[in-house]
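**Student:** Got a predicted structure here, sequence first:
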Amino acid sequence: MKKMFVFLLSYLLLLNATAQIRLPKLISNGMVLQRDVPLTIWGWASPNEKVTLNLSNKKYKATTSSNGQWTIKLPAQKAGGPYEIKLTGKNELVISDVLFGDVWICSGQSNMVLPMERVKEKYPLDIANAYYPQIRNFFIPTTTHLQEAQQDLKDGSWKAANPTNVLQFGAVAYFFARKIYDQYKIPIGLINSSVGGTPVEAWTSEEGLKEFPDLNSTIQKNKDSNYINRINKTAEEGRVVRKSEDKGMNESIKWYEPNYIPKGWRTINIPGYWEDQGLNSLNGVVWYRKEIDLPAQWEGRSAKIFMGRIVDADEMYVNGKRIGNITYQYPPRRYDVPSGLLKTGKNIFTIRVTNSFAKGGFVPDKNYSLVSGDDNIDLKGTWQYKVGEVFTPQQPGPQGISAQNQPSALYNAMIAPLVKYSVKGYLWYQGESNTGNPGNYDKLLTALINDWRNKWNLPGAPFLFVQLANYMDYTFQPGASNWATLRNAQRKVLTVPNTGMVVTTDCGEWNDIHPLNKKDIGERLALQARKIAYNENIVASGPLFDRAETNSESITAYFKESGSGLIANDGEPLRYFAIAGADKKFVWAQAKIEGNKIIVWSTGLKNPRYVRYNWADNPDGNLYNKEGLPASAFENE
C-alpha cells in the first residue's frame, strides 16, 4: 500500500511538472517583438490546458492542443515599451522588459558572428559609448540537427547594448542596428544565428533544397543515424594520433623555462612565414625566442602582448610562465601579461608554434607589440628559432561527417525554431565557404531567400546581404578567380525582389579572411535597409552592371545605381577592367566614363566580346559613384 501511495504521488508530481506553461527560449525577458504586425506568442503546457495572456490590461486566451502546444495571436502593436506580459495557466509566468520595434535575423558564417570583442582595439570609443538599452541582441549558440526541424533552441537570452554586453554582439549587426536606431529611434532586436565556416546549403530547409537532387540525396542519407555513426566511427578509427616528439617539451629543461640555455638557435624574422625564410616545406613545431630589455618603469606592471596572427597553433610564454594559447589560425593573438611577471632588464619571450599544412609562422601586416599604458615596444624584427619537431608526412585518412556543414543541419536547429517569431527582415553575410564551387551560388542563395520567406510567410521581406570582401594575394594579370565568380553570383541574386547587396571590396585585408572593418559594412547594410525596408528615397548601392554593347573596337558597359554620377574615387584613371574576344583570353583594358556608362577597350584587340571588372580574389578597382559607394565586380554573359 505504501509503495502504491509513493508511486501515485510521484506520478501526480510528474504530471504537475509537465503541466507547467513553458515558453520557447526566444520569448523571454528583454525581448524585442516586431511592431506594426499581428504577432504569435506560443508555447507548451498540458493537453487542453487554458492559457491566458495579459498585455496592457488586455487578455488573450488559448487552449492547448492534444500534444500540449498552444498559440495566442496578438494584434499589431506600436513601437515602444518596456511592457510586461503575464501568462497564466496552472502556473504563472511573467516576461518583463518587453519592447516593440524591428527585429532582424542576422545569419551566415564567421564574419556575421564575429563579435565586437574581436574589433575592440579598432573601435574603442564605439564600445565605450555603447549605451543603447533599446538595441537588444539574442545570440544563438552553435547546434545542429541532421534529421528534422526542431521546435526550440538549446539556449540563448536577450541582452541590451551596453559597454559590457556589446562585446558579444556581432560587430556587423551592431553597427547596422546603431545606425538604424539613430535614424528612427525605434527599438531594434538582433537575432544572431551564425556559425563560422559553414556553407549556404546548411542554412536552407529540406523543402528549400528540393530543386538540388544531390543535396536532397545527402539529406536523406543523413537522416539515418546508423549511417552517420558508421562514417564517423570509421574516421575515428583511421585517425592517427601523433605522439609528441617535440624536443622543446621533452628535454629535461624545457625550452621556455627561465634556466634553459639556448644552443643551436638561428635567426628568423617576425612577422613572416618560416617557409619563406629557409625552412622549406616544414610541417611541425618551431620555437621562437627573444630577449627583450625593459626599462625600470615596466617592472611589475601588467601588459598586453599583440602577436598578430599565427598559423596555426601557438603557446606564449613570458619569463617561463605560459600566458595563453590559441589552437587555430584565425583569431588575433592578444595575451594579457599579469602584473609582477615583467622585470627590469632581460625578459625572455618564447613562442611555440605548431603547423600541420601550408605555410607556418606569423602573418605580415599585423600588430606585433608589447603595450602597457602609454608605453609600447615593437616586437617585429629578428628573433631566434629552433625546430622542435618535424611531422612525418601522412596519407589522409577517411573523413567523418561535420554536421554543421551538412545541408539543412543548421536550418533545422538554428532557424526552424525562429520562424513563428515575426521579423522585419534578414541580414546575411556568408559565401567564403562556397568559394570552392562558386558557379551555382546564385541559385543556392536564391533558394535560401525564397525558403525563409516561405517559412516566415513574409513573401516580400527585405533580404540584405554582404558581398565577399577582398582577400588573399594581389594579382597583376587578368585570370580566373573563384572569389570573383562568387561575387558575380551574389550580384545576380539582386534580380530577386526586395534584396540589397553591400559591396565590400574596399573593406577587406589581403592577409585576413576576417577583416576588422565591420563598421563600414554594418552602416552600408543600414543604407540598404533605409531604402528597401524603410522606403527612403536614397542612394544605397554602388554602381551595378546592367548590360553591355559591343562593337569592333570597344565594349560599352551600362550601370544602374550610379547615384549622382560615376567616378574614379582616387582621381586616377579607371583600373581593373579587362576585356576578351570570343576566346575569353582576358587582357587589361583602358576605360573612360561617359555619363552612366563606361567605354572599355584595349589597343590591338578587335571585336571584344566580354568585359570584366574587379575580377580577382583581391582586386584594386576604383569605380564608385559620387556618394562614395564602390561598384560591384561583374562579368557580362
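**Tutor:** All right, it came through fine. Note that this is a predicted model, so its numbers are computed, not measured.

**Student:** As a check, name the ranges of all strands in the stretch 1-150 of the chain.
**Tutor:** Remark: strands assigned in the stretch 1-150 of the chain by DSSP state E, counting those that start in this stretch are 32-34, 39-44, 50-55, 58-63, 69-74, 80-88, 92-108, 132-139.

**Student:** ok, and which of these has the densest surroundings?
**Tutor:** strand 32-34 (a mean of 25; mean count of other CB atoms under 10 Å). Where C-beta positions appear, they are placed from N, C-alpha and C, glycine not excepted.

**Student:** Show me what the closest residue to Leu55 other than its chain neighbours bridges to in the sheet.
**Tutor:** The shortest distance from Leu55 to any non-neighbouring residue, by CB to CB, 6 or more residues apart in numbering, is to Ile85 (5.2 Å). Beta-bridge pairing for Ile85 (DSSP bridges): Leu55, Ile95.

**Student:** Renumber starting at 408 from here on
**Tutor:** Sounds good: first residue 408 from here, last item Ile492.

**Student:** Now do the same contact list for Ile492.
**Tutor:** 448, 460-462, 501-502, 505 (CB atoms under 8 Å, 6 or more residues apart in numbering).

**Student:** Save these as TSV, and put in pLDDT and distance to Asn436 too.
**Tutor:** Output for those, formatted as TSV (pLDDT from 0 to 100; distance: CB to CB, whole Å):
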residue	pLDDT	distance to Asn436
Ile448	98	14
Leu460	98	16
Asn461	98	16
Leu462	98	15
Val501	98	9
Ile502	98	6
Val505	98	8
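
**Student:** shaky segments in the chain?
**Tutor:** 408-426 (pLDDT under 70).

**Student:** Let's see that with 90 instead.
**Tutor:** Counting by pLDDT under 90, the chain contains low-confidence ranges at 408-426, 642-651, 688, 764-765, 799-806, 1011.

**Student:** How is it divided into domains?
**Tutor:** Under the assignment automatic domain parsing, the domains of the chain span 509-646+808-948, 657-797, 951-1042.

**Student:** can you give me the strands in the stretch 908-1044 of the chain?
**Tutor:** 951-957, 962-967, 973-975, 984-987, 994-995, 997-1001, 1004-1008, 1017-1020, 1030-1032, 1041-1042.

**Student:** Distance to Gln516 for those strands - can I get that in JSON lines?
**Tutor:** Putting the strands of the stretch 908-1044 of the chain into JSON lines (distance: least, CB to CB, whole Å) gives the following:
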{"stretch": "strand 951-957", "distance to Gln516": "24"}
{"stretch": "strand 962-967", "distance to Gln516": "28"}
{"stretch": "strand 973-975", "distance to Gln516": "32"}
{"stretch": "strand 984-987", "distance to Gln516": "29"}
{"stretch": "strand 994-995", "distance to Gln516": "33"}
{"stretch": "strand 997-1001", "distance to Gln516": "34"}
{"stretch": "strand 1004-1008", "distance to Gln516": "33"}
{"stretch": "strand 1017-1020", "distance to Gln516": "26"}
{"stretch": "strand 1030-1032", "distance to Gln516": "27"}
{"stretch": "strand 1041-1042", "distance to Gln516": "24"}
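
**Student:** related to what we said a few turns ago, nearest to Tyr467, of the domains of the chain?
**Tutor:** Tyr467 sits nearest to domain 509-646+808-948 of all these, at 15.4 Å, using CB to CB.

**Student:** about what we covered before: tabulate the strands of the stretch 908-1044 of the chain (a markdown table), appending mean neighbour count.
**Tutor:** Listed next are the strands of the stretch 908-1044 of the chain as a markdown table, based on neighbours: other CB atoms under 10 Å:
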| stretch | mean neighbour count |
| --- | --- |
| strand 951-957 | 16 |
| strand 962-967 | 19 |
| strand 973-975 | 19 |
| strand 984-987 | 24 |
| strand 994-995 | 14 |
| strand 997-1001 | 16 |
| strand 1004-1008 | 21 |
| strand 1017-1020 | 24 |
| strand 1030-1032 | 23 |
| strand 1041-1042 | 22 |
